[in-house]
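**Student:** Sequence below, structure please.
(4 chains)
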There are 2 protein chains.
Amino acid sequence: MIMAYKKCNEFNDNAKRLAEYARALSHPARITILNILAERNTCICGQIVDVLPLAQSTVSQHLGELKKCGLIMGEIDGPRSCYCINRKNFEEMIYLMNEFTGGIRGR
Amino acid sequence: MIMAYKKCNEFNDNAKRLAEYARALSHPARITILNILAERNTCICGQIVDVLPLAQSTVSQHLGELKKCGLIMGEIDGPRSCYCINRKNFEEMIYLMNEFTGGIRGR
DNA sequence: CATATTTATCGCATATATGCGATAAATCAA
DNA sequence: TTGATTTATCGCATATATGCGATAAATATG
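**Tutor:** Residues are numbered from 1 along each chain as shown, chains lettered A, B, ... in the order given. Next up is the predicted model:
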């Protein structure tokens, strides 16, 4: 029998976008990566690997997730990959989150 | 070979707690449920089922997730289950989120 | 040119999430 | 008491997430 595994799409746009950002923050490694990037402004993958208790391949995957949802940007720098926070999208996330929490607080 | 699938625990407490809340918000259905609960103040499961494009059992599961992480509370009312937002924990989530975003914005 | 460094990706294993129908348990109404 | 209503949970299927080692590709260094 055919089942629908993507009911997500039937929801409100803001709810969907906020859910995507929330998913990106739903692992402590990714929150920590964002904190590290904020602290150092810009980082190569290896620097993050050095700090996290995770294998290089796993860290690379988490970086990929953050990049996919737009919270960070990556730039190739020789054999290295240089990452930084995507401020514009980060602000969008904050906006959506504030809109959401404000709408609940206000009642 | 034995592998560790719970590296999560090796991270900072605030990052872990924020990640848990973020995971709760990582599905648009759960965001929508929280919006509905804010609007009506209190709701029984069936009222939420009526509004969402999901089966009763699925909605019940989402409610269970929200309850598990503490964002809502449930109270049995006859054959019904009455849910409302757990303001205290919701504020904790906002606090952790603000602390996180503030620490990144501030650089 | 040969070798080292760096990182993304593949392949694999396991765990968790999403979704539904069926059903049991609890309660309410007749 | 019988039947209807309501909801949590079980069982199932599929999808996605988490984690690692190995490796290929790109570049830097000798």
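
**Student:** so where's chain A shaky on pLDDT?
**Tutor:** Along chain A, segments meeting pLDDT under 70 span A:1-5, A:107.

**Student:** what about the helices in it?
**Tutor:** A:13-24, A:28-40, A:45-51, A:56-68, A:87-105 (DSSP state H).

**Student:** With distance to A:G74 and mean neighbour count as added columns, please give these in JSON lines.
**Tutor:** Bear in mind the C-beta positions are built from the backbone N, C-alpha and C, glycine included. Rendered in JSON lines, the data for these read as follows (distance: least, C-beta to C-beta, whole Å; neighbours: other C-beta atoms under 10 Å in any protein chain shown):
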{"stretch": "helix A:13-24", "distance to A:G74": "14", "mean neighbour count": "19"}
{"stretch": "helix A:28-40", "distance to A:G74": "11", "mean neighbour count": "20"}
{"stretch": "helix A:45-51", "distance to A:G74": "9", "mean neighbour count": "15"}
{"stretch": "helix A:56-68", "distance to A:G74": "5", "mean neighbour count": "16"}
{"stretch": "helix A:87-105", "distance to A:G74": "13", "mean neighbour count": "15"}
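
**Student:** can you put the ones you listed in CSV and add distance to B:K88?
**Tutor:** CSV is the format used below for the helices of chain A (distance: least, C-beta to C-beta, whole Å):
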stretch, distance to B:K88
helix A:13-24, 20
helix A:28-40, 22
helix A:45-51, 33
helix A:56-68, 30
helix A:87-105, 12
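
**Student:** got JSON lines for those, with distance to chain B too?
**Tutor:** Shown next, in JSON lines, are the helices of chain A (distance: least, C-beta to the nearest C-beta, whole Å):
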{"stretch": "helix A:13-24", "distance to chain B": "4"}
{"stretch": "helix A:28-40", "distance to chain B": "4"}
{"stretch": "helix A:45-51", "distance to chain B": "11"}
{"stretch": "helix A:56-68", "distance to chain B": "8"}
{"stretch": "helix A:87-105", "distance to chain B": "4"}
